[in-house]
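[1] coords below, sequence missing:
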């Protein structure tokens, strides 16, 4: 059997599958969710059949397969079933298109390093604020303790407390 005849036979089998699916769904022999799942599988078969036809019609003008066909497992190579879709190709960003795996890994490492630096800076700020809060609390405790001992001591902030409040505000 020639390749052209095999492609024609594939097309006929896909049409027969589609008709059988419509019949089974309309007669309620299968649940709607199962009909939807099978319809997706048939749609994937149609897509792959069109890819095969376009590849055959090119007559080998592009002998090197494209990146997306390699990543998707080729045209129906047993990589997880007829309806499997490669999740890595579904939402490939513009930043990573055309990059090698090594370049993508380096880009991810730069992003992780930048995030680590940001987390370190945030940690330092939080630690500084915690120390300032503890110092303010200690200063207030001292003032409240002195208030009971000496009612003539003013309750406004001391220079350390004023400096810490200014640092918090700015």
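    Perfect, thanks for sending it. A quick note: this is a predicted structure, and the numbers were derived from the prediction, not measured.
[2] For the longest helix that the chain contains, name the packing helices and strands.
    For the chain, the longest helix by residue count, based on DSSP state H, is helix 101-149. Under the contact definition 3 or more C-beta pairs under 8 Å, 6 or more residues apart in numbering; DSSP states H and E, helix 101-149 sits against helix 159-169. From N, CA and C alone the C-beta is placed, and that goes for glycine too.
[3] Got the domain ranges for this structure?
    3-60+70-88, 106-169 (automatic domain parsing).
[4] Now do the first one, average pLDDT.
    Taken as a whole, domain 3-60+70-88 has an average pLDDT of 77.
[5] how near is residue 10 to residue 113?
    50 Å (C-beta to C-beta, to the nearest Å).
[6] who has more neighbours, these two?
    For residue 10 versus residue 113, neighbours defined as other C-beta atoms under 10 Å are more numerous around residue 10 (17 against 10).
[7] distance of that one from residue 25?
    22 Å.
[8] swap in residue 55?
    Going from residue 55 to residue 25 by C-beta to C-beta gives 32 Å.
[9] try residue 3
    33 Å.
[10] now for the one helix or strand residue 50 maps to, which elements pack on it?
    Using DSSP states H and E, residue 50 maps to helix 32-58. Under the contact criterion of 3+ C-beta pairs under 8 Å, 6+ apart, helix 32-58 touches helix 3-26.
[11] same for the helix it packs on, what does it pack against?
    helix 32-58.
[12] report the angle between the axes of the helix holding residue 50 and helix 3-26?
    Here the directions of helix 32-58 and helix 3-26 differ by 170 degrees (axes from the mean of the first three to the mean of the last three C-alpha atoms, to 10 degrees).
[13] Buried residues in helix 32-58, which are they?
    Buried positions in helix 32-58, judged by neighbour count with 16 or more other C-beta atoms under 10 Å: 35, 38, 41, 42, 44, 45, 46, 48, 49, 52, 55.
[14] Save those as CSV, and put in distance to residue 101 too.
    Output for the buried residues of helix 32-58, formatted as CSV (distance: C-beta to C-beta, whole Å):
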residue, distance to residue 101
35, 39
38, 35
41, 30
42, 33
44, 26
45, 30
46, 31
48, 25
49, 30
52, 28
55, 25
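[15] Check those residues against residue 130 and report the nearest one.
    residue 44 (56.1 Å; C-beta to C-beta).
[16] Tell me how far that closest one lies from residue 57.
    Counting by C-beta to C-beta, the gap from residue 44 to residue 57 is 20 Å.
[17] count of residues packed around the residue nearest to residue 99 when sequence neighbours are not counted?
    Of all residues not flanking residue 99 in the chain, residue 107 sits nearest, at 7.2 Å (C-beta to C-beta, 6 or more residues apart in numbering). Residue 107 has 13 neighbours, counted by other C-beta under 10 Å.
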